[in-house]
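In: build me a structure from this.
(chains A and B)
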Amino acid sequence: MNFTLKIWRQKNATAKGQMVSYNVSEISPDSSFFEMLDTLNQKLIMSGGDPVSFDHDCREGICGTCSLYINGRPHGPVKGVTTCQLHMRSFKDGDTIHIEPWRARAFPIISDLIVDRSAFDKIIQAAGYVSVNTGGVPDANTIPVPKEKSDAAFDAATCIGCGACVAACSNAAAMLFIGAKVSHLALLPQGQVEAAKRVQKMVACMDELGFGNCSNTYACEAECPKGISVSNIARMNREFLGAKLFTEKEKIIQDSL
Amino acid sequence: MTSLNARIPEGPVAEKWTAYKSGCKLVNPNNKRKLDIIVVGTGLAGASAAASLGQLGYNVKVFCYQDTPRRAHSIAAQGGINAAKNYQNDGDSAYRLFYDTIKGGDYRAREANVYRLAEVSNQIIDLCVAQGVPFAREYGGLLTNRSFGGAQVSRTFYARGQTGQQLLLGAYGALSRQIAAGNVTLFNRRDVLDMVLVDGKARGVIARNLVTGEIERHAAHAVVLANGGYGNVFFLSTNAMGSNVTPSWSAYKKGAMFANPAFTQIHPTCIPVHGDAQSKLTLMSESLRNDGRIWVPAKLKDVERLRNKEIKPSDIPEADRDYYLERRYPAFGNLVPRDVASRAAKERCDAGFGVGSTGMAVFLDFADAIKRKGHDTIDSLYGNLFQMYQQIVADSPYDTPMMIYPAVHYTMGGLWVDYELMTTIPGLYAIGECNFSDHGANRLGASALMQGLADGYFVLPYTIGNYLAAEIHTPRFDTASTEFNLAAQSVTDRLKAIKNTSAKESVDHFHRRLGKIMWEYCGMARNETGLNEALYLIAELRNEYARGVKVPGGMNEYNPELEKACRVADFIDLGELMVRDALQRQESCGGHFREEYQTSDGEALRRDDKFAYVGAWEYKGRDAAELHREELQFNEIKLSQRSYK
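Out: Just a heads-up that it's a prediction; the model follows:
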């Protein structure tokens, strides 16, 4: 198969970027999208050019490193897969393919198609965990969890932190990412002890980092490679409101004492 | 050749760890604050160690080459994690888990370490559940288990087909909490390229900032390596693209011994190779063997007709199928250990019964299981794996059998460590897959996650204190010292030497060639002639590589080709050591199958009288290495030929 690629090239964070055209030929339909880009890069290296930088690692759809915006869609045209699991058979021979990085204020470009997603780490650091220490915990089976809750928590926990939700959102909101973590932990008894504080801290951190807000377009769910549902955003909003009311009530009680 | 002392505590095997913990030295909280520890890698071992050490109050610096700790390749582990909880009331115990692990490893692991691993396995499950890891549960709300290769009990805890992901996210959460608390500092997008020794002790590392290209110096009172396995020496493997041996290898060159490098695990259930542009292989969890039945056509005529697409697999009647694992190993059937299953697949394919376009594949069939358990049950057990398979090969396992073939997956060899997980360099520790310790010559399924977390959460936090207790008066180190200057200079020189813009070939060219040599001569089956041929080919490859590789771009910028160039240089050297190790081990055991040493029915022939030792190599310059032995003592378990029949 042959393709024309139009790729965003940008030397570093401060340089000016532009779309550049390349041709690749004799690509197997069974090749993954990255194997196609590998072929391009080998060609560029051998001809003295500068290979295209892109983030990738596990190439089996689970690490969340890959982050390409292909023909205007995060992770390309196939629903429910990451870029690394996209295969060239999903395109037509002779297609022109546009490849860009995630674009969001909170994800600055590092080089070409690579962006800095450490904002996601900061959100998790804010409170995206259960505060237990190594050692001194009860036997695993002393905390029964209804299977339905556990399964729902698992569904939310499958987020791979790739940032497609942010890239897909017209407001560059991180609500699905946070909603997934808040839901995962709020659905489990282990996570409920800190649930109110967690949601408040994570949302505050998100606001600080320059992510936008949710306006219910559902683009995040549509583009999430793991199919994480927007109902997690609804749950987060509920948790957030509950936590806010609770804190206000607490304050009134405190003041009256 | 000298003997190595693993410093195993005295006493009965079941009491060693308790005795050790009661006797080891402690560091008081005020002093912990004055001590720095570097952790390299943020997979299950690295993240759990960094989180636990930070929680104890040490100052921890943690390094990863990925953009965030959450992406380390532990995330890709699918099937599960073993623990001796005996929740199923099927007769499990720490002793049985210990026994199965030693036997599964073909009696080439150290009893004391493995017993400790089995002993702490239950604590891991407790901790992970407390962290909110959503393990699979029964309707009653309690945890459920599945069975896995090499065991006759159900002791594997799992989170659908994403157990590694969920455990890593648990450890990443714990790590994030310590980062937020200021106990751990994260250095992401860093390659650790060298170890710094001061007066013979590990005191720091030299790292390259992958974004800016800056060569950084970091000092500490102790260094912990958790940089994973070296399967990428084969170019094609189930490892992540960035997985590399460089931190371990730099430690080896500074005096840490490298043990059993030839012990690599070829996983039986991977998606077959499709073509020359292929960059990596994808594993399909071993848990599939619980319900899937492995077969090839019994008649060559059917193989031919399948290949010509005249018939579909389902057209072949039961009588004309060869369920070769069930035939050869009736007791364990499709659940034999990985090495046995892989070799059996190779044997059938070499004999011409392989399926698929290349003839290098066997069927893994779910038709019976779907009939017996129903579509929905199978979907809940393996849904995401089936999806993943369908995405890659465009076939649905619900309609037609999967095709699988063995691929390089895990490396049992690694830096030699003693009972305390310390390498032969004082103050340098190796945990998780990058050490050699617990899996002998073959790792059982669902044991890697167990070992990574055991080392990081429950072993290292005790043993490192025993060393650091004597370091409380050692002040922080100056990174402008001669030792740091020399190490930083040698890293810069090395990068300059590798990079040659006028060279003819790219890094990938060399890596692919190395991979082919290793797979051909040092893969699933090895023999003396082939290994000698490999030595010659690798030497030739190395000489070519030394003349320079085509690496575009500058030193002081984001330059992934330069990163790869360093990693591949180390893989070439490691490849040579693996071959040497495979040559010296004149026996077959676990994943190491020497064709000269097999029983009359083609099973691995161990030679316990001569080779019941760990072979640890000491670096003696570029082309030389000296073998040291750690004789393995089996006091609890009687050595016997592994039988799964």
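In: okay, CA-based contacts and neighbour counts for the rest of this
Out: Noted.
In: contact partners for the residue nearest the centre of chain A?
Out: Residue closest to the average C-alpha location in chain A (C-alpha atoms, centre = their mean): A:Gly163, at 2.3 Å. With contact set as C-alpha atoms under 8 Å, 6 or more residues apart in numbering or on different chains, A:Gly163 has these partners: A:67, A:102, A:117, A:174, A:177.
In: chain B: which of these is nearest?
Out: Comparing the contacts of A:Gly163 against chain B with C-alpha to the nearest C-alpha places A:Arg117 closest, at 7.5 Å.
In: wait, the closest one touches A:Arg105, no?
Out: No - contact between A:Arg117 and A:Arg105 fails when scored by C-alpha atoms under 8 Å: they sit 10.5 Å apart.
In: more neighbours: those two, which one.
Out: A:Arg117 (21 against 14; other C-alpha atoms under 10 Å in any protein chain shown).
In: if we can go back for a sec, can you put the contacts of A:Gly163 in CSV and add pLDDT, secondary structure and distance to A:Gln192?
Out: Conversion of these to CSV gives the following (pLDDT from 0 to 100; DSSP: H, G, I helix; E, B strand; the rest coil; distance: C-alpha to C-alpha, whole Å):
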residue, pLDDT, secondary structure, distance to A:Gln192
A:Ser67, 94, coil, 32
A:Trp102, 97, coil, 33
A:Arg117, 98, coil, 28
A:Ala174, 97, coil, 22
A:Phe177, 98, helix, 19
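In: now, which of these lie close to chain B?
Out: A:Arg117 (C-alpha under 8 Å from any C-alpha of the partner chain).
In: return the member of the contacts of A:Gly163 nearest to B:Leu364.
Out: Set against B:Leu364, the nearest of the contacts of A:Gly163 by C-alpha to C-alpha is A:Ser67 (32.7 Å).
In: thinking again about what came up before, what's the closest of the contacts of A:Gly163 to B:Phe187?
Out: Distances from B:Phe187 to these, taken by C-alpha to C-alpha, are shortest for A:Arg117, at 14.0 Å.
In: need the single longest helix in the chain, by residues.
Out: Since no chain was named, I'll use chain A. helix A:231-256 (DSSP state H).
In: the intended chain is chain B.
Out: helix B:560-584.
In: against which helices or strands is that helix packed?
Out: Helices and strands touching helix B:560-584, by 3 or more C-alpha pairs under 8 Å, 6 or more residues apart in numbering or on different chains; DSSP states H and E, are helix B:246-253, helix B:482-498, helix B:507-522, helix B:528-546.
In: wait, B:Lys312 sits on B:Asp302?
Out: No - judged on C-alpha under 8 Å, B:Lys312 makes no contact with B:Asp302 at a distance of 9.7 Å.
In: tell me which of these two has more neighbours.
Out: Just comparing B:Lys312 and B:Asp302: by other C-alpha under 10 Å the higher neighbour count belongs to B:Asp302, 22 against 14.
In: so who does the more buried one touch?
Out: Counted by C-alpha under 8 Å, 6+ apart, B:Asp302 has contacts B:Ile316.
In: ok, it to B:Pro401 distance?
Out: 15 Å (C-alpha to C-alpha, to the nearest Å).
In: the domain parsing of the chain - what is it?
Out: Since no chain was named, I'll use chain A. A:3-111, A:118-256 (automatic domain parsing).
In: chain B was what I was after
Out: Chain B resolves into domains spanning B:31-266+B:410-471, B:268-406, B:482-622 when parsed by automatic domain parsing.
In: pick the most deeply packed of those domains.
Out: Highest mean neighbour count among the domains of chain B (mean count of other C-alpha atoms under 10 Å in any protein chain shown): domain B:31-266+B:410-471, with a mean of 24.
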